[in-house]
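Chemist: build me a model from this:
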Amino acid sequence: MALRRDALDPRLSLNLSAAHTQSDFALGQADLDIRYGVPTWGELVVEPLFAERIVPLIQSNVSVVQWTDWFKAFSDKRAPELFSVRFD
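Modeler: Model (predicted):
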């Protein structure tokens with residue numbers, strides 16, 4: 001998502017940062033944190049952005065577990081017959 005500078009309220013400050021650690025809201029340096037994972041973050045208010053969807057993109061013929069096995073275990077759909085990308 002791109003933000004146009006002229007579309008922002010001049011009273012707001014927007015700083016984007018990527019880190020492997022969680023923001024410490026007690027420091028007063030952040031008002032919002034986008035996180036990934038199971039929401040077990042104490043007293044924080046959690047608002048999901050979107051539902052995660054896993055789709056197969058590549059097929060390997062030497063893998064121990066094939067996509068057909070994954071679909072049988074985790075989905076009610078069938079694995080595609082052909083994949084657009086293959087390797088081995």
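
Chemist: residues near Trp70, how many?
Modeler: As a burial measure, Trp70 scores 13 neighbours (other CB atoms under 10 Å). In this view, the C-beta of every residue, glycine as well, is placed from N, C-alpha and C.

Chemist: surely it is within a helix?
Modeler: Yes - using DSSP: H, G, I helix; E, B strand; the rest coil, the secondary structure at Trp70 is a helix.

Chemist: do you know the pLDDT at it?
Modeler: On the pLDDT scale, Trp70 is placed at 79.

Chemist: how near is it to Val45?
Modeler: Using CB to CB, to the nearest Å, we find Trp70 at a distance of 34 Å from Val45.

Chemist: what's the answer for Phe74, then?
Modeler: For Phe74 relative to Val45 (CB to CB), the value is 30 Å.

Chemist: ditto for Ile54
Modeler: Distance check for Ile54 against Val45: by CB to CB, it reads 26 Å.

Chemist: before we move on, what about Ala73?
Modeler: When distance is defined by CB to CB, Ala73 is 33 Å away from Val45.

Chemist: the more surrounded of Phe74 and Val45?
Modeler: Phe74 (9 against 6).

Chemist: where does the residue positioned nearest the centre of the chain fall, helix, sheet strand or coil?
Modeler: For the chain, the residue nearest the mean C-alpha position is Tyr36 (5.9 Å; CA atoms, centre = their mean). Here Tyr36 is coil, with the state taken from three-state DSSP.

Chemist: the residue nearest to Pro39 when sequence neighbours are not counted: which element?
Modeler: Spatially, and ignoring its direct neighbours in sequence, Pro39 is nearest to Val46 (4.2 Å; CB to CB, 6 or more residues apart in numbering). Assigned by DSSP states H and E, Val46 belongs to neither a helix nor a strand.
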